[in-house]
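Colleague: Need the 3D shape of this:
(one chain, ligands or ions: 2)
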Amino acid sequence: MIYTVTLNPSIDYVVNMEQLVEGMVNRVSTEHFYAGGKGINVSQILNQHGISNRALGFISGFTGNFIEGSLKEKGIDTDFIRLSEGYSRINMKIKTTTDETEINGMGPHIPKTEIDKLYRQLDLLTADDTLVLAGSIPATLPDDFYEKMMEHVQDRGVKVVVDATKNLLLNVLTYRPFLIKPNHHEIAEMFGVTISTTEDLLQYGNRLKDMGARNVLISMGGDGAILLAENGEVYRSNVPKGVVKNSVGAGDSMVAGFIAGYEKTQCYEQALRLGAASGSATAFSSDVATAEEILALVKEIVVQKL
Ligand SMILES: Nc1ncnc2c1ncn2[C@@H]1O[C@H](COP(=O)(O)OP(=O)(O)O)[C@@H](O)[C@H]1O
Ligand SMILES: O=P(O)(O)OC[C@H]1O[C@](O)(COP(=O)(O)O)[C@@H](O)[C@@H]1O
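Modeller: Ligands and ions are numbered 1, 2, ... in the order given. I've put the predicted structure just below:
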C-alpha cells in the first residue's frame with residue numbers, strides 16, 4: 001500500500017485575471033477551489049492510475065471538511081487526523097496572462113498529542129509499503145520532522161519518497177529515500193549555485209545520489225525532466241505539445257506518475273514516461289489531470305538515454 005503524508009493540506013483557490021496590480025483592487029475572471037497539498041495531489045494522481053493508496057495528514061475547520069469531502073467524492077481513501085482548533089490553509093494561485101503568483105497560507109497549530117497519532121499510523125507500515133512525504137513542514141512542527149518520520153520507519157524497510165525543498169530534502173538523504181524530485185531551481189538553491197547546462201544538473205544530481213538518494217528525478221517545467229536512476233542509467237524526457245492552463249501540481253503529478261509506472265513495470269524508463277505524461281497532463285488541465293488526459297499524452301513522451 002502507498003501512504004501519502006500531507007502535513008499542511010490546503011484548499012487551492014485558483015483564479016485567473018488579466019493582470020495583477022499590487023496596491024489596487026483586483027478582480028478575478030475565473031475561480032476554482034481544489035483540495036491541494038503535495039501529498040494529496042500525489043494521492044489523486046495515484047488514484048487516476050488505479051494504484052490504491054491512503055492520504056494521511058492533519059486537517060481542521062471548515063476548510064478541512066472541504067478537503068476531506070472533495071477527496072471522498074473522488075473515491076480517495078483518507079485517514080486524516082482531525083485537529084480540534086484552527087483551519088486548514090487556503091493557498092491562492094493567481095494566473096495572469098504573463099505570470100503565476102502563489103500566496104500560500106500558514107495552516108493550523110499541530111499539538112503533540114496529534115503528532116503522536118501520526119506516529120501510531122506509521123507503526124503499521126511494513127516493507128511492502130511506500131511512504132510519500134511531500135510538501136512543506138508547517139511552522140509549528142520541527143524542521144527535522146521528515147527525518148524523524150523516516151527514522152521511525154527505517155528498520156522496517158519501508159520505501160520512502162520525499163518531495164520537499166532545501167534543507168528538508170538535504171537532511172533526509174542519509175536515510176536513503178527511494179526517490180526525490182527536486183526541480184532545477186531547487187537544485188540551484190540547495191547548492192547555492194547557478195545552473196546553466198545539463199552537465200551542471202547531472203553533476204549536482206549525482207551529488208544528491210552520493211549523499212544517499214537512490215533515484216533523483218529532476219523536473220524542469222516546460223523543459224522536461226532528467227532521471228538519475230539507481231541502476232546508474234540517466235534518462236531524459238521531453239514534454240508533449242499542449243497549452244498550459246495551470247502548472248500547480250505538475251511536480252506532484254510527476255512524482256505520482258513515476259511511482260505508478262514503477263509499481264506497474266519495475267522499469268525506470270517506463271516510470272519516467274508515466275511521470276512525464278502525468279506532469280504535463282496536469283499542466284495542461286485546470287485541476288490535477290484525469291487518467292484519460294494522462295493516457296492521451298503517454299505516446300508523445302520520448303525518453304532518451306543520456
Ligand atoms: N509548461 C509545461 N509544459 C509541459 N509540461 C510541463 C510544463 N510544466 C511542467 N510540466 C511537466 O511536469 C513536470 C514537473 O513540472 P515542474 O514545474 O518542473 O515541477 P514543480 O511543480 O515541482 O516545480 C515537468 O518535468 C514536465 O514533465
Ligand atoms: O506544502 P507547500 O510547499 O506549501 O506546497 C503546497 C502547494 O503545493 C501544491 O501541492 C502544488 O505543488 P507543485 O506545483 O510543486 O506540484 C499545491 O497544491 C499546494 O498549494
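
Colleague: On the pLDDT front, check the closest residue to ligand 2 within the stretch 151-300 of the chain for me.
Modeller: Of all residues in the stretch 151-300 of the chain, the one sitting closest to ligand 2 is G251 (3.4 Å; CB to the nearest ligand atom). Placement of C-beta: from N, CA and C, glycine included. G251 carries a pLDDT value of 96.

Colleague: Please list the residues of the stretch 101-250 of the chain that sit near ligand 2.
Modeller: Contacts of the stretch 101-250 of the chain with ligand 2, taken as CB under 6 Å from any ligand atom, map to N104, G135, S136, V248, G249, A250.

Colleague: In contact with V5, which residues?
Modeller: When the contact criterion is CB atoms under 8 Å, 6 or more residues apart in numbering, the partners of V5 are G39, L56, G57, L118, L131, V132, L133, A134, M149.

Colleague: Please narrow these to those residing in helices.
Modeller: G39, L118, M149 (DSSP state H).

Colleague: Highest neighbour count among these?
Modeller: G39 (28 neighbours; other CB atoms under 10 Å).

Colleague: Please tell me I have it right and that residue contacts A134.
Modeller: Yes. Between G39 and A134 there is a contact at 4.4 Å, judged by CB atoms under 8 Å.

Colleague: which neighbours do these two share?
Modeller: With CB under 8 Å, 6+ apart, G39 and A134 have common neighbours T4, V5, T6, D252.

Colleague: near ligand 1, anything from the helix or strand the last one falls within?
Modeller: In other words, D252. D252 belongs to helix 250-265 when assigned by DSSP states H and E. Yes. Residues of helix 250-265 contacting ligand 1 under CB under 6 Å from any ligand atom: A250, G251, M254.

Colleague: Most neighbours out of these, which is it?
Modeller: M254 (30 neighbours).

Colleague: Contact partners for it?
Modeller: Per CB under 8 Å, 6+ apart, neighbours of M254: K181, L217, S219, A225, G275, A276, S278, G279.

Colleague: Can you tell me the closest non-neighbouring residue to Y175?
Modeller: Distances taken as CB to CB, 6 or more residues apart in numbering place M150 nearest to Y175, at 4.0 Å, with adjacent residues excluded.

Colleague: Just confirm the one you found contacts V160, I think it does.
Modeller: Yes. Under the criterion of CB under 8 Å, M150 is in contact with V160, at a separation of 5.6 Å.

Colleague: quick one on the thing from earlier: list the buried residues for the helix holding D252?
Modeller: 250-263 (16 or more other CB atoms under 10 Å).

Colleague: what distance separates whatever helix or strand comes next after it from the centre of its chain?
Modeller: With elements assigned by DSSP H and E, the helix or strand that comes after helix 250-265 is helix 268-283. Centroid displacement of helix 268-283 relative to its chain, using CA atoms, centre = their mean, to the nearest Å, is 13 Å.

Colleague: any idea what sits nearest the residue of the stretch 151-300 of the chain closest to ligand 2, other than its immediate chain neighbours?
Modeller: S219 (5.6 Å).
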